[in-house]
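[1] I would like to see how this sequence folds:
(one chain, ligands or ions: 2)
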Amino acid sequence: MKKPTLTIVVPCYNEEEILPYAFKELTTFLQQLIEESCVSEESKILFVDDGSKDKTWAMIYHETLKKELIRGVKLARNVGHQNALLAGLFTAKDSSDCLVSIDADLQDDIEVIRGFIDRFNEGYDVVYGVRNKRITDTFFKRNTAQLFYRLMKKMGVDLVYNHADYRLMSKRAVEELTGFQEVNLFLRGIVPLIGFPSTSVEYERKERLAGDTKYPLKKMLSFAFDGITSFSVTPIRFVLTIGLLSFFVSMLFGSYFLFLKFYGNTELGWTSLITSIWLIGGLQLIAIGLIGEYIGKVYKETKKRPKYIIDIDSYNLPLPKHLLNKEMVEDESAKLAFGKLSETN
Ligand code: UDP
Ligand code: MG
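    Ligands and ions are numbered 1, 2, ... in the order given. Predicted structure coming up:
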């Protein structure tokens, strides 16, 4: 059987602390896979720098010069994890048979990739890495994540439970991804929609070794909200139902107040009146806000802006000196590497 060419895609945003470790672990691992004839010699690790503000790109660039196995792509600006991942997948798809996406912090056990490749060889196009436990996540993260999956399910979005973006995709699955033109990208929701044969492999998730999570609470909430609103109109329907209900209730109240006016004491009504004004007002604002959210999404989609722009691809190096940015030139190791590079050309 022909050995598949694998590309491991690693999106990186301000990961200078963890990168040396990631370089070492991933190259040793891929080297092993190649030696064991699990994957072809053309297999690569592609690091995507998502517009980092630290030395991330300089480090990646330096590493691409030292190691054949490593390819680097620098995005022109920060576009977020999902888009950075997509940039990596699309960049590498032509030179790979299968692609694995993994976070730079290597919280996901890389040994699992062996399992991914076995499944791929059995004919699966998509292999999801599924966490069997969440012991290393904080209590808060574990519970909010669980709530998220439940909520998504209620909203009619079919997600693979406890699967983050650690997965293998075949070349043809990634090619199909190009057909999903949406700007509001939520890969975890989209990949199952492709519908090619898929399976999952379980593993245990480790702790982040260095650096901080790039998903603070605010980003997490907006990620969840985006996930829901890009996939389902259930929230709008929910608002409509509440609107209808409150309309019905106010009709009842109305009749009751009319009854009081003719047969009782009307001044009693003030409290309920003021309460319902606030209640209805609030509901209306929520509804308008939610609808606005969807309209905003539609607006973004109609513009069809590119999801990412590639600034530098190590495959197209060496670059003219003026294209190297300041940090890269200031970084000693990169400078050295660049000097070496210009000599060979
Ligand atoms: N990341 C990225 N762009 C961003 C934010 C994050 O490319 O704007 C990358 C980050 O470098 C990491 C991955 O996405 O490789 C997941 O981020 P993180 O580990 O911080 O998320 P968590 O595991 O805490 O959910
Ligand atoms: Mg992480």
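[2] in stretch 25-41, what's buried?
    For stretch 25-41, a neighbour-count test (16 or more other CB atoms under 10 Å) marks 26-27, 29-30, 33-34, 38-39 as buried. Just so you know, the C-beta spots here come from the backbone N, C-alpha and C atoms, and that holds for glycine as well.
[3] just give the number of residues close to the residue of the stretch 201-345 of the chain found nearest ligand 2.
    Of the residues in the stretch 201-345 of the chain, the one nearest ligand 2 is Arg208, at a distance of 5.3 Å by CB to the ion. Each residue near Arg208 was counted by other CB atoms under 10 Å, and the total is 18.
[4] how close does Tyr315 get to Glu175?
    Using CB to CB, to the nearest Å, one gets 19 Å for the distance from Tyr315 to Glu175.
[5] can you tell me the SS state at the residue nearest the centre of the chain?
    Against the mean C-alpha coordinate of the chain, by CA atoms, centre = their mean, the closest residue is Gln82 at 3.3 Å. Taking DSSP: H, G, I helix; E, B strand; the rest coil as the rule, one finds Gln82 in the helix state.
[6] can I assume it is in contact with Asn184?
    No. At 9.3 Å, Gln82 does not count as touching Asn184 under the criterion of CB atoms under 8 Å.
[7] flag every residue of the stretch 51-200 of the chain that's near ligand 2.
    Near ligand 2, the residues belonging to the stretch 51-200 of the chain are 103, 105, 107 when assessed by CB under 5 Å from the ion.
[8] the second one and Pro20, how far apart?
    By that I understand Asp105. 13 Å.
[9] right, is stretch 14-23 up against ligand 2?
    No. No part of stretch 14-23 sits near ligand 2 under the criterion CB under 5 Å from the ion; the closest distance found is 9.5 Å.
[10] contacting residues around that stretch?
    10, 12, 47, 52-56, 59-60, 63, 67, 70, 104-106, 208-211, 214 (CB atoms under 8 Å, 6 or more residues apart in numbering).
[11] now with 10 Å?
    Outside of stretch 14-23, the residues within contact range by CB atoms under 10 Å, 6 or more residues apart in numbering are 10, 12, 25, 45, 47, 49-60, 62-63, 66-67, 69-70, 78, 102-106, 110, 208-212, 214.
[12] filter the residues you listed by proximity to ligand 1?
    Among those, the ones lying close to ligand 1 by the criterion of CB under 6 Å from any ligand atom are 12, 50, 78, 103-105, 214.
[13] in the residues you listed, find the pair that's most separated.
    Taking every pair in these and measuring CB to CB, the maximum separation is 17.1 Å, between Asn78 and Asp105.
[14] those two: who's more crowded?
    In terms of neighbours (other CB under 10 Å), Asp105 is the more surrounded of Asn78 and Asp105; the figures are 22 against 16.
[15] part of a strand, is that one?
    No. When three-state DSSP is applied, Asp105 is found to be coil, with no strand at that position.
[16] surely it meets Lys214?
    Yes. Because the distance of 8.9 Å satisfies CB atoms under 10 Å, Asp105 is recorded as touching Lys214.
[17] give me the common contacts of the two.
    In terms of CB under 10 Å, 6+ apart, Asp105 and Lys214 are both contacted by the residues 12, 15, 208.
[18] in the lengthiest helix in the chain, which residues are buried?
    In the chain, ranked by residue count with DSSP state H as the criterion, the top helix is helix 270-303. Across helix 270-303, burial judged by 16+ other CB under 10 Å covers 287, 293, 297.
[19] and the following helix or strand past that helix, how far from the chain's centre?
    Note on helix 270-303: by DSSP states H and E, the next helix or strand toward the C-terminus is strand 310-313. Using CA atoms, centre = their mean, to the nearest Å, the distance from the centre of strand 310-313 to the centre of the chain it belongs to is 20 Å.
[20] renumber starting at 800 from here on
    Happy to do that; since the first residue is 800 now, the last one works out to strand 1109-1112.
[21] pLDDT on strand 1109-1112, on average?
    Averaging pLDDT along strand 1109-1112 yields 92.
[22] send me that strand as CSV with only the CA atoms.
    Output in CSV follows, covering the C-alpha atoms of strand 1109-1112 (Å, rounded to 0.1, in the frame of the first residue of the first chain):
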residue,chain,number,x,y,z
ILE,A,1109,-0.9,34.9,3.4
ASP,A,1110,2.0,37.3,3.8
ILE,A,1111,5.0,34.8,3.6
ASP,A,1112,5.1,31.1,2.7
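[23] which strands and helices sit next to it?
    Contacts of strand 1109-1112 with other secondary structure elements, assessed using 3 or more CB pairs under 10 Å, 6 or more residues apart in numbering; DSSP states H and E, are made with strand 843-848, helix 855-865, strand 869-874, helix 880-891.
[24] any idea of the mean pLDDT in the third one?
    When pLDDT is averaged over strand 869-874, the result is 96.
[25] and if you look at the longest one?
    On average, the pLDDT along helix 880-891 is 96.
[26] also stretch 1091-1104?
    Per-residue pLDDT over stretch 1091-1104 has a mean of 84.
[27] I figured Ser1031 hits Met951, correct?
    Yes. Taking CB under 10 Å as the definition, Ser1031 is a contact partner of Met951 at 8.4 Å.
[28] and which of the buried residues of stretch 824-840 is nearest Asp1110?
    Each of those was checked against Asp1110 using CB to CB; the closest is Leu825, at 22.6 Å.
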